[in-house]
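Trainee: Give me the fold of what follows.
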Amino acid sequence: EALRKEREQVLELARTRLSKTAVLAPFGGRLEGHAPAVGGFVAPGVPLAQLLDVRTLRLLVYVPAEQTAGLRLGMAASVRFPAQPEKPRQARVRSIGAQADPLTRSIPIELELDPTAAASQVEPGGELAAGLYAEAVIELASLERTFAFQREAFTFIDGLPHLFVLAQDEQERDVVLARPVKLAQRGTALSGSLWALSGGVEEGERIAVSSLSLLTHGTRVQVSDAALGDTVR
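Mentor: So this is what the prediction gives:
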């Protein structure tokens, strides 16, 4: 009886040691890298291999900060890979970075490729590999009738875009008022440096477009017709 219990303890210890040698994958995927050979030793903290989740493919793109005003989570995107330019893949905006790169002033945007569409578009041998470069076009929401101004017409106050709107003070003198506006889209999504508004100005209001560095809220100005080659002074 004593011998049986001793052997059971030895067996249990062996099972415990064996369980510690098994490495279970947290998800199904593709194993990359060189796995250690049988009988070899692995130091603590050293990766055994790299497991890639090939079911969910994501693309990290960098968008200039001035072109991100119209971006929203879930927006559709079309992705093309140079290795397969004739086969665009469908994707969605998964996340929008909260901080711009201090050097490039670009915002990181993460796209997630549609696994259903990707699977139907891939032919045998045409699977995508991790680490590839790609080009993406994000489909922005269409704009209704709105106003658009050149970038130079905007002034940023406390980090928010403003336009100097022409008005009159109590003595009916011409002044400019710094009014905060809401941007809809900016940059090449429209045309060149045009920035479109989703609110802030009304039809018929006049906007100061020159000498903005000399203007503050309530500054008196002399107005001339810009169509004649003159502007606000």
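Trainee: list the helices and strands the lengthiest strand in the chain packs on?
Mentor: Determined from DSSP state E, the single longest strand within the chain is strand 84-96. In terms of contacts (3 or more Cβ pairs under 8 Å, 6 or more residues apart in numbering; DSSP states H and E), strand 84-96 is packed against strand 76-81, strand 106-113, helix 115-121. Glycine gets a C-beta too; all of them are placed from N, C-alpha and C.
Trainee: Could you list the low-pLDDT ranges of the chain?
Mentor: Where the chain drops to pLDDT under 70, the residues are 35, 66, 69, 115-128, 141-145, 185-193, 225-233.
Trainee: need the helices for it, in chain order.
Mentor: 2-19, 115-121 (DSSP state H).
Trainee: just those helices: most buried one?
Mentor: helix 115-121 (a mean of 12; mean count of other Cβ atoms under 10 Å).
Trainee: Determine the number of other residues adjacent to the closest residue in space to F147 that isn't next to it in sequence.
Mentor: Distances taken as Cβ to Cβ, 6 or more residues apart in numbering place L197 nearest to F147, at 4.9 Å, with adjacent residues excluded. By the criterion of other Cβ atoms under 10 Å, L197 has 19 neighbours.
Trainee: now do V93
Mentor: 20.
Trainee: cool, G29 as well?
Mentor: Other residues within reach of G29, judged by other Cβ under 10 Å, total 14.
Trainee: got the contact list for the residue nearest to the spatial centre of the chain?
Mentor: Taking Cα atoms, centre = their mean, the centroid of the chain lies closest to I109, which sits 2.0 Å from it. Counting by Cβ atoms under 8 Å, 6 or more residues apart in numbering, I109 makes contact with 60-63, 68, 71, 93, 95-97, 138.
Trainee: would TSV of these with distance to A49 be doable?
Mentor: Output for those, formatted as TSV (distance: Cβ to Cβ, whole Å):
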residue	distance to A49
L60	23
V61	28
Y62	30
V63	34
T68	37
L71	36
V93	32
S95	27
I96	33
G97	30
I138	35
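Trainee: Which of those are buried? Put it as a PyMOL command.
Mentor: Applying 16 or more other Cβ atoms under 10 Å to those, the buried members can be selected in PyMOL as follows:
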select buried, resi 61+63+68+71+93+97+138
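Trainee: Between the contacts of I109, which sits nearest D114?
Mentor: Nearest to D114 among those: V93, at 12.2 Å, using Cβ to Cβ.
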